[in-house]
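Trainee: okay, predicted coordinates and the sequence, questions at the end:
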Amino acid sequence: MWNELLYAFEAVATLPNFIAMAAGIWGGVIIGAIPGMTGTMAVTLALPFTFYLPPVTSILLLVALYKGSTYGGSISAILIKTPGTASAACTVLDGYPLAQQGKGGKALNMALVSSCIGDFISNISLFFLAMPLAMFALRVGPPEYFMLMAFSLTIVASISGRSLVLGIISACLGLLLATVGEDIYGSFRFAVTEDMKSGLGVVPVLIGLFALPELIKMIVFRPEDNNAAMKLGDNRLTMAEFRGSVKSILRGSVIGVILGAIPGIGPSTAAFFSYSEARRTSKNGDKFGEGELEGVAASESANNGCCGATMIPLLALGVPGDVITGVMLGAFMIHGLTPGPLLFQNNIGEVYSLFIGILFSSVFLFVAGKLTAGAFAKISRIPQTLLLPCILVLCVFGIYSIGASPFDVSVLLVMGIVGFVMMILNIPAAPFLIAFILGPMFEDNMRRSLAISRGDLGVFFHSWISWAFFALTVLFIALTIRREWQKWREKSRNTAQSA
Amino acid sequence: MTPNRDFYTGLIATAFFAFVLFVLIPIYVKVPSFIPGFAPPPDMWPRVITVVGLVMGILAILFAIPKMRAAANDRVMSIGATMHRNRKLIVRFAGVLLGFATFTYAMPEIGFVPATILLLAYLFLMTGNYSRKIWMIGLTIVFPILLYLVFTEVTHTPFPEGHLFSALAADFVTLI
């Protein structure tokens, strides 16, 4: 193992990989710092470029973008009270009051330090947890995989939106779209035009669904630009201030790792959970919300603590925990790597290189944040009216360059419109995307299970692993229905009282 | 607005999945006469998905009805009134659709770069904010050309030159 790690270290410590990581971190921070641009957009926009890079460099670039954007979201959250990404929403609570008090630089520094610590702990957990989980997953056959994917989709569908029903509708749309083209036995499905016979490309669908709706939303609703940033002010973070927040940083990192490793939960929930725990246990709990550095530390350590952990189910089981890892799954597949237990048998060199590279990226994040925090503050003021149309043109060029296919460009534009309509109808996009990516594997495992069992549906309940995932799925649905019922009753009671 | 929106979402989802189940699958999913082993036919999975989607669409409608009833005391707008009130937004959305459709049609005709320049100009116009005119004009011209140069140099992508310009160029050469 140590020899392999040493080889991996040599493979990663190359100039192209360092350039990719540095570009990813800086690009991610820039995109994350711009309100309306998300980490998902950062990762999806970079996807076409990864076609021309070696597999490990590609994944390192995407991971660096993810980490950079997660930290970058805190910049606009602290300086202009607009979280660049959803996971930075919690950072606004204390970050912006600190900026108002002239301590914007201090808050940014605390966000950076806690992000890097959370990120590092998350990477270590990925290193130690992914492989044992993958070894366990080797005992899993097609029926168990089918149940696991059903479970993952249920979680994603119920958590990403405000309604389980709308989440499942979204997942069904994604699964249906994934059936377009040739199936495993050579039959064509929904091949309305000749181009559709080879199916819809993952990249145009992803980019269309996540990068374009923001532009269409801006054109249709025309919001006002109001991005006046606060000054950075007092910049130094003292040792006493850091020591006062260490507990919250470590707790937040662990919360991030645990919640990040569970498919569907992700950094936003982790940040709010960590913040509320810090507020509950801190001696300065009553000052939270008025500009408390510990609040920024709790939130940022948790959301960056998720970054490495979300890769655990992706690498070990081949199941993406959120949209960004869903995009990464697409990137792995583009390069002929199939995440899951077999990745640890067939491509162990790439896996170790990835682990080492991810550890490096934590250092890059720290250096990038330290060197350019002041400059990043200006980025959050780039007007969206200039930025978003240019992004669309960049997407069009990027998509066309992948396969020189005008059909892919059409798919991109149509998916942008579909994404916007889904946004208007409150249908969450995350289940759609994950279902679209998992769809072929989901169907393949179902059909192989039925073929093995000669059509007997009982094959899905033969092993305890299948039963465990089935029970978890039912439990999760029951809990979601209970939660929605309670919300509905509370709302009805409030309406009756106000009437 | 939300109860209305949930109702329409359910209605659209139900209609869409019903259309796929009863119209698209019978026409566009061909079942071969021979399937090896005991493998399920190719239409089985799309049917399972659409049935689940259909049931969820109906559930969305059923869940929205009590909410709409509760909201009826305050204000429930008909779809016509909603559309009338939001007509500006609908026109802008139609404008986006028109822009995308025109671009898709024009790209092979006038060439990739001119089409993207026109698309970018159109999108800047559609944003409705003209406070940075110089930037907009500059970006409209420079950005697509810059991307064209980067992509042709780095990835060697053959971007379409356009039938129109190719024909004009050929005529010009013949004329000379």
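Mentor: Looks like it came in fine.
Trainee: show me how far the host helix or strand of A:Val296 is from its chain's centre.
Mentor: Assigned by DSSP states H and E, A:Val296 belongs to helix A:293-309. Offset of helix A:293-309 from its chain centre (C-alpha atoms, centre = their mean, to the nearest Å): 15 Å.
Trainee: which SSE is immediately downstream of the helix or strand encompassing A:Glu350?
Mentor: A:Glu350 is part of helix A:348-379, with elements assigned from DSSP H and E. Using DSSP H and E, the helix or strand that directly follows helix A:348-379 along the chain is helix A:384-403.
Trainee: pLDDT on that following helix, on average?
Mentor: Averaging pLDDT along helix A:384-403 gives 85.
Trainee: so the nearest residue to B:Arg92 once chain neighbours are set aside: helix, strand or coil?
Mentor: Leaving out its chain neighbours, the residue that sits closest to B:Arg92 by C-beta to C-beta, 6 or more residues apart in numbering or on different chains is A:Val220, at 4.7 Å. All C-beta spots, glycine's among them, are computed from the backbone N, C-alpha and C. The three-state label given to A:Val220 by DSSP: H, G, I helix; E, B strand; the rest coil is helix.
Trainee: about what we covered before: what inclination does the helix holding A:Glu350 have with respect to helix A:293-309?
Mentor: Calculated by axes from the mean of the first three to the mean of the last three C-alpha atoms, to 10 degrees, helix A:348-379 forms an angle of 150 degrees with helix A:293-309.
Trainee: flag every buried residue along helix A:348-379.
Mentor: A:350-362, A:364-366, A:368-369, A:373, A:376-377, A:379 (16 or more other C-beta atoms under 10 Å in any protein chain shown).
Trainee: give me every residue in the stretch 301-450 of chain A lying close to chain B.
Mentor: A:383, A:385-386, A:388-390, A:392-394, A:396-397, A:400-401, A:404, A:406, A:409-410, A:413-414, A:416-417, A:420, A:425-427, A:443, A:446-447, A:450 (C-beta under 8 Å from any C-beta of the partner chain).
Trainee: what number of residues lie near residue 126?
Mentor: No chain specified, so I'll use chain A. 26 (other C-beta atoms under 10 Å in any protein chain shown).
Trainee: try again with chain B
Mentor: Using other C-beta under 10 Å, B:Met126 has 19 neighbouring residues.
Trainee: likewise A:Val12?
Mentor: 22.
Trainee: what's the answer for the one 3 residues further on, then?
Mentor: Using other C-beta under 10 Å, A:Leu15 has 7 other residues around it.
Trainee: and the one 5 residues further on, by the same measure?
Mentor: For A:Ala20, the number of neighbouring residues by other C-beta under 10 Å comes to 28.
Trainee: go through the biggest helix by length in chain B and flag the buried ones.
Mentor: In chain B, assigned by DSSP state H, the helix with the most residues is helix B:44-71. Counting neighbours by 16+ other C-beta under 10 Å, one finds that the buried residues in helix B:44-71 are B:44-46, B:49-50, B:52-61, B:63-64, B:67, B:70-71.
Trainee: work out the gap between whatever helix or strand comes next after it and the centre of the chain.
Mentor: Using DSSP H and E, the helix or strand that directly follows helix B:44-71 along the chain is helix B:79-85. Distance of helix B:79-85 from its chain centroid, counting by C-alpha atoms, centre = their mean, is 22 Å.
Trainee: need the next SSE after helix B:79-85, C-terminal direction.
Mentor: helix B:87-110.
Trainee: average pLDDT across the longest helix of chain B?
Mentor: Taken as a whole, helix B:44-71 has an average pLDDT of 87.
Trainee: on that earlier part again, number of residues surrounding the residue nearest to B:Arg92?
Mentor: A:Val220 is flanked by 20 other residues according to other C-beta under 10 Å.
Trainee: doesn't B:Leu97 make contact with it?
Mentor: No: A:Val220 sits out of contact with B:Leu97 when judged by C-beta atoms under 8 Å, with a separation of 10.8 Å.
Trainee: how far away is the most centrally placed residue in chain B from B:Met126?
Mentor: For chain B, the residue lying nearest the average C-alpha position, counting by C-alpha atoms, centre = their mean, turns out to be B:Leu97 (7.0 Å). Taking C-beta to C-beta, to the nearest Å as the measure, B:Leu97 falls 11 Å from B:Met126.
Trainee: got it, and A:Gly186?
Mentor: Remark: distance between A:Gly186 and B:Met126 (C-beta to C-beta) = 44 Å.
Trainee: which single residue of the stretch 251-400 of chain A ends up nearest chain B?
Mentor: Closest residue of the stretch 251-400 of chain A to chain B, C-beta to the nearest C-beta: A:Pro389 (3.7 Å).
Trainee: distance-wise, check the residue lying closest to that residue once chain neighbours are set aside relative to A:Leu392.
Mentor: When the adjacent residues along the chain are set aside, A:Pro389 lies closest to B:Leu123, with 3.7 Å between them (C-beta to C-beta, 6+ apart). Taking C-beta to C-beta as the criterion, B:Leu123 is separated from A:Leu392 by 6 Å.
Trainee: identify the contacts common to those two.
Mentor: Contact criterion C-beta atoms under 8 Å, 6 or more residues apart in numbering or on different chains; residues bridging B:Leu123 and A:Leu392 by contacting each: A:Leu215.
Trainee: distance between stretch B:34-51 and the chain's centre?
Mentor: When distances are taken as C-alpha atoms, centre = their mean, stretch B:34-51 is centred 29 Å away from the chain's centroid.
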